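>>> sequence first, then the predicted structure, then my questions.
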Amino acid sequence: MMHAIQVLEHGGPEVLQWADVPRPAPGAGELLVRVEAAGVNYIDTYHRTGLYPLEVPFTLGLEGAGIVEEVGPESDGFEVGQRVAWASAPGSYAEYVIVSVGAAVHVPEAVPGDVAAAVMLQGMTAHYLAKDTYPLDPGEKCLVHAGAGGVGLLLIQIAKLLGAQVFATVSTDEKADLAAQAGADHVIKYTDVDFGDAVEAVVGPKALDVVYDGVGAATFDRGLELLRPRGLMALFGQSSGVVDPLDLGKLARLGSLYV
């Protein structure tokens, strides 16, 4: 047996239960890992509330780092005692978790377990946003919402490495300092000003190449208004709530945006 944090019914934080559950055994292409640190992400709240529904009961968590305890057959490249991290292993809020070899990466000794656990999902999210969803080129203009969050800070750094001009929104002076230290060219405290007005004051109307939006309902519509023709809205989260159903004709009225 082992301890795990389970969800027996969807709801708020009060539905989280500290439970005794059977310790799993690895199958082909799988590792049993003793969890050192589990990453906490917004997607965990979506699973808990049922926004992204999972069949209950289930153990929360997708991301973590730990020590390989058992190696299943057909798991070449991994040995007992190795340090690994992952971003796609359901049930990571537990003492032990099954991780597929395709989702596991080796962790260098110089990287602490909590850092390895924290960087996987957020780091890959920031990377695919800036390199695949909308591959940034030098001189292009992007807006990063929640610029002091886990994804935001990494995304700002990657965008600057790619040579982009970066606008970032934050809610407090402390977060503004973090976003600036990460390299944002223009930090906007949205609690004081309309973030769209602030962007337009610098680069004019309809000037952004891409908006990276993990906030959702509170920022989506205004963000659309800032995009150039055929600019891209990359909606990858909804911390402020789900975006309302979209009238696709609005994209034409805003200047040939596209889905």
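Here it is on my side, so go on.

>>> which stretches of this structure form strands?
2-7, 16-21, 30-38, 58-59, 64-71, 83-86, 96-100, 104-106, 141-144, 165-170, 186-189, 208-213, 227-235 (DSSP state E).

>>> give me the contact list for the fourth one.
In other words, strand 58-59. Applying C-beta atoms under 8 Å, 6 or more residues apart in numbering, the contact partners of strand 58-59 are 4-7, 21, 47, 90-94. Yep, even glycine has a C-beta here, placed from its N, CA and C like the rest.

>>> nearest to V199, of the strands of the chain?
When those are compared by C-beta to C-beta, strand 165-170 sits nearest V199, at 5.5 Å.

>>> can you read off the pLDDT for the most centrally placed residue in the chain?
Geometric centre of the chain, nearest residue: Q122, 4.1 Å, by C-alpha atoms, centre = their mean. You'll see Q122 listed with a pLDDT of 92.

>>> surely it touches G150?
Yes. Counting by C-beta atoms under 8 Å, Q122 touches G150, with 4.0 Å between them.

>>> identify the contacts common to those two.
Listed contacts common to Q122 and G150 are N41; contacts here mean C-beta under 8 Å, 6+ apart.

>>> hmm, back to that, state the distance from the residue nearest to the centre of the chain to L136.
Q122 is 18 Å from L136, where distance means C-beta to C-beta, to the nearest Å.

>>> can you turn the buried part of the contacts of strand 58-59 into a PyMOL selection?
Applying 16 or more other C-beta atoms under 10 Å to the contacts of strand 58-59, the buried members can be selected in PyMOL as follows:
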select buried, resi 4+5+6+7+21+47+91+92+93+94
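
>>> just to revisit the earlier point, any idea which of the strands of the chain gets closest to D132?
strand 227-235 (10.1 Å).

>>> how about the closest one: buried residues?
By neighbour count on 16+ other C-beta under 10 Å, the buried set for strand 227-235 is 227-228, 231-235.

>>> out of these, which is nearest to L155?
Distances from L155 to the buried residues of strand 227-235, taken by C-beta to C-beta, are shortest for A234, at 10.1 Å.

>>> would you confirm that that closest one contacts D209?
No. In this structure, A234 is not within contact of D209 by C-beta under 8 Å, at 10.8 Å.

>>> find residues that contact each of those two.
Y134.

>>> and stretch 33-44, end to end?
20 Å (C-alpha to C-alpha, to the nearest Å).

>>> swap in stretch 217-233?
Start-to-end, stretch 217-233 (C-alpha to C-alpha) is 13 Å.

>>> next one: that stretch to chain centre, how far?
Relative to its parent chain, stretch 217-233 has a centroid offset of 20 Å by C-alpha atoms, centre = their mean, to the nearest Å.

>>> same check on stretch 148-157?
On the basis of C-alpha atoms, centre = their mean, stretch 148-157 sits 9 Å off its chain's mean C-alpha point.

>>> now do that stretch: everything it contacts.
For stretch 148-157, contacts defined as C-beta under 8 Å, 6+ apart pick out 41, 118-119, 122-123, 125-127, 129-130, 144-147, 166, 168, 170, 174-176, 178-179, 182-184, 212, 214, 236-237.

>>> show me the shaky parts of the chain.
The model of the chain has pLDDT under 70 over residues 256-259.

>>> what about the helices in it?
42-49, 113-128, 150-161, 173-182, 195-203, 220-225, 249-253 (DSSP state H).
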